[in-house]
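Student: Show me how the following folds:
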Amino acid sequence: MKALDDADRRILNRLRLDARITNSALAAEVGLSPSACLRRVKLLEASGVIRGYTAIVSGTGPDEGTVAIVEIELERQTEEYLARFEFALRRHPEIQEWYLMTGNGDYILRIQIAGIDDYGEFHRDVLSRLPGVSRITSSFAMRSHRRR
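Tutor: Residues are numbered from 1 along each chain as shown. This is a model prediction of the structure:
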């Protein structure tokens, strides 16, 4: 795909705020005709700039459990180690997000668990058995805020 221009950036910024906006409303907000806007969105999707759409669930209800933020250090950072580690992460739905990081730790994971009591078991049975893990540092969310 060609480099993003100002119109593409306006579309992406608006979709980040509300991906459910109608095409006609999006077109009006970014200053394009509906057909030109739809064509650009389709090109952004086809080129992989827009990789998908998702629902962000609040996670604040009493049944939602606890969020653990976990820093993982691996024994090595070779492509093989990273690929094996990420493949293993995909098998555990409790691991909701992960990021390969710069700095001290290699990965940051966001884990949704029933409660702190369940985390010990998850740490023992899942995290400590992930391939290549040399260190695990865990923190727990006390409150959650999301940008709208």
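
Student: which ones are touching Ile108?
Tutor: If a contact means C-beta atoms under 8 Å, 6 or more residues apart in numbering, then Ile108 has Ile69, Val70, Glu71, Ile72, Trp98, Tyr99, Met101 as its contacts. Placement of C-beta: from N, CA and C, glycine included.

Student: So the spatially most central residue of the chain: helix, strand or coil?
Tutor: In the chain, the residue lying closest to the centroid (C-alpha atoms, centre = their mean) is Glu97, at 4.7 Å. With DSSP: H, G, I helix; E, B strand; the rest coil as the basis, the three-state label of Glu97 is strand.

Student: Quick check, it in contact with Leu109.
Tutor: Yes - in this structure Glu97 lies within contact range of Leu109 using C-beta atoms under 8 Å: 7.1 Å.

Student: For the residue nearest to the centre of the chain, which non-adjacent residue is closest in space?
Tutor: Spatial nearest neighbour of Glu97, chain neighbours left out: Arg110 (4.3 Å); criterion: C-beta to C-beta, 6 or more residues apart in numbering.

Student: what's downstream of the strand or helix carrying the one you found, the next helix or strand?
Tutor: Following DSSP states H and E, the helix or strand that holds Arg110 is strand 107-113. As assigned by DSSP H and E, the chain's next helix or strand after strand 107-113 is helix 116-125.

Student: which helices and strands sit right next to that next one?
Tutor: Using 3 or more C-beta pairs under 8 Å, 6 or more residues apart in numbering; DSSP states H and E as the contact criterion, the secondary-structure elements in contact with helix 116-125 are strand 66-74, strand 107-113, strand 133-140.

Student: Any chance of JSON lines for the ones you listed, columns mean pLDDT and distance to Val126?
Tutor: As requested, the helices and strands packed on helix 116-125 are exported to JSON lines (pLDDT from 0 to 100; distance: least, C-beta to C-beta, whole Å):
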{"stretch": "strand 66-74", "mean pLDDT": "94", "distance to Val126": "10"}
{"stretch": "strand 107-113", "mean pLDDT": "94", "distance to Val126": "9"}
{"stretch": "strand 133-140", "mean pLDDT": "94", "distance to Val126": "10"}
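
Student: Which one of those strands lies nearest to Arg14?
Tutor: strand 107-113 (25.6 Å; C-beta to C-beta).

Student: I'd like the distance from the helix or strand Cys37 falls within to the chain centre, please.
Tutor: Using DSSP H and E, Cys37 falls within helix 34-46. Between the centre of helix 34-46 and the centre of its chain there are 24 Å (C-alpha atoms, centre = their mean, to the nearest Å).
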